[in-house]
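**Q** Need the 3D shape of this:
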Amino acid sequence: MRRKIILLIIAFCFFSAGIFFSYEAYKSYQAGKILAKRKAAWLALEKKLKAKALHFPGTVSIVVKDLDTGWEITQNEEVALPAASLVKIPIMLSYFYAAQEGRISFKDVLALKGSDKVAGSKVLGNFPAGSRFQVEDLLSPMITQSDNSATNLLISYLGFDTLNAYFKKMGLKDTNLVRKMMDFSKRRRGQENYTTARDMAFLLEKLYHKDFLNKEVSEQCLILLGEQKINDRIPKKLPKDGAFIAHKTGLERRICHDVGIVYTRKGDFLICVLVRHKSKTAGSAKKLISDIALSAYNYYQNQSARGYN
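**A** Residues are numbered from 1 along each chain as shown. From the prediction side, this is the model:
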């Protein structure tokens with residue numbers, strides 16, 4: 001009798017193990033099917049986005065990256081284009097670097113000079129020359145409202161050489177700073193700030209994974225990018241209750257950019273679209289960027305939550 005009980009226990013264990021492994025195999029099979037379906041949809045999205053870029057009259061640089069799988073859609077991602085206000089992202093990050101190294105304090109006080117007051121300054125433009133600001137008070141207007149005077153103050157304080165050194169230190173390959181915002185005389189002489197979609201994607205991904213300096217600094221930078229007030233590109237066609245976007249725009253004559261991270265309930269993605277267009281206005285470029293963002297967003301809405309369940 002005892003032997004029979006033991007044999008029954010052993011048989012039950014084998015039966016249970018068989019059920020367990022069969023279920024695990026079924027789960028793996030189903031997950032594989034879901035992943036294959038998701039990959040096919042991603043490839044369809046890639047084809048669609050590249051077609052949009054190729055048919056646009058101008059140069060379009062794209063990086064769209066699924067932050068769960070690491071899949072990427074790229075087009076002209078290493079082509080250097082005038083950075084416009086995108087350069088304000090690495091300027092912001094440079095200040096966090098400098099503070100960590102003890103080179104500056106966010107409490108340092110800077111005086112607004114008349115030469116630093118330029119167009120495109122919705123915040124500092126209302127202050128007279130001689131007004132004083134702490135460094136920490138300049139970061140928000142520079143990022144959230146793309147204030148050019150705030151940016152010029154920060155460029156003056158650390159200087160071109162130091163900022164460019166930080167750009168290299170943080171891992172940028174094709175981003176430089178040689179002129180202040182709205183310095184048209186330098187631009188006419190061929191001195192231009194450049195960046196690439198690849199460099200911007202690199203920085204944004206470090207922030208997303210909380211890998212820039214440390215978690216606290218990364219989160220502070222993401223909060224500033226998430227408070228962006230210029231929302232006529234990436235967020236334009238996305239539902240306000242369906243996505244949270246941390247991003248930064250750039251706009252100059254025949255240049256129109258937007259780069260950011262889009263957080264959704266069904267997956268997060270990184271999107272960088274840089275455009276050199278041929279139109280007198282940026283309307284068509286803004287529409288292109290918003291269309292690309294909507295196409296990417298819709299890809300996630302057609303997936304199961306986080307793409308695997």
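**Q** any weak-confidence spans in the stretch 201-309 of the chain?
**A** Where the stretch 201-309 of the chain drops to pLDDT under 70, the residues are 304-309.
**Q** again, 50 this time
**A** By pLDDT under 50, the low-scoring segments of the stretch 201-309 of the chain are 306-309.
**Q** for residue 249, helix, strand, or coil?
**A** Per DSSP: H, G, I helix; E, B strand; the rest coil, the local secondary structure of residue 249 is strand.
**Q** ranges for the strands of the stretch 201-309 of the chain?
**A** Assigned by DSSP state E, counting those that start in this stretch, the stretch 201-309 of the chain shows strands spanning 244-252, 255-263, 269-277.
**Q** And for the stretch 1-150 of the chain?
**A** Using DSSP E, counting those that start in this stretch, the strands assigned to the stretch 1-150 of the chain run over residues 58-66, 72-75, 81-82, 109-111, 132-134.
**Q** Go through those strands and pick out the most buried.
**A** Mean neighbour count (mean count of other CB atoms under 10 Å) peaks for strand 58-66 among the strands of the stretch 1-150 of the chain, with a mean of 23. Just so you know, the C-beta spots here come from the backbone N, C-alpha and C atoms, and that holds for glycine as well.
**Q** doesn't residue 198 make contact with residue 78?
**A** Yes. With contact defined as CB atoms under 8 Å, residue 78 counts as touching residue 198 (5.2 Å).
**Q** give the contact list for residue 143.
**A** 88, 89, 92, 224, 225, 227, 228, 248 (CB atoms under 8 Å, 6 or more residues apart in numbering).
**Q** what's the spacing between the last one and residue 102?
**A** Spatial separation of residue 248 from residue 102 under the definition CB to CB, to the nearest Å is 27 Å.
**Q** The two: which has the busier surroundings?
**A** Neighbour totals were compared for residue 248 and residue 102, and residue 248 leads with 27 against 7 (other CB atoms under 10 Å).
**Q** For the residue nearest in space to the middle of the chain, give the beta-bridge partners.
**A** Relative to the mean C-alpha position of the chain, the nearest C-alpha, by CA atoms, centre = their mean, is the one of residue 260, at 2.8 Å. According to DSSP bridges, the residues that bridge with residue 260 are residue 247, residue 271.
**Q** pretty sure residue 204 contacts residue 269?
**A** No. Contact criterion CB under 8 Å: residue 204 and residue 269 do not qualify, at 10.5 Å.
**Q** quick one on the thing from earlier: name the residues contacting each of residue 78 and residue 198.
**A** With CB under 8 Å, 6+ apart, residue 78 and residue 198 have common neighbours residue 174.
**Q** Can you add mean pLDDT and distance to residue 290 and give the strands of the stretch 1-150 of the chain back as CSV?
**A** Listed next are the strands of the stretch 1-150 of the chain as CSV, based on pLDDT from 0 to 100; distance: least, CB to CB, whole Å:
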stretch, mean pLDDT, distance to residue 290
strand 58-66, 98, 13
strand 72-75, 98, 17
strand 81-82, 98, 19
strand 109-111, 97, 36
strand 132-134, 98, 33
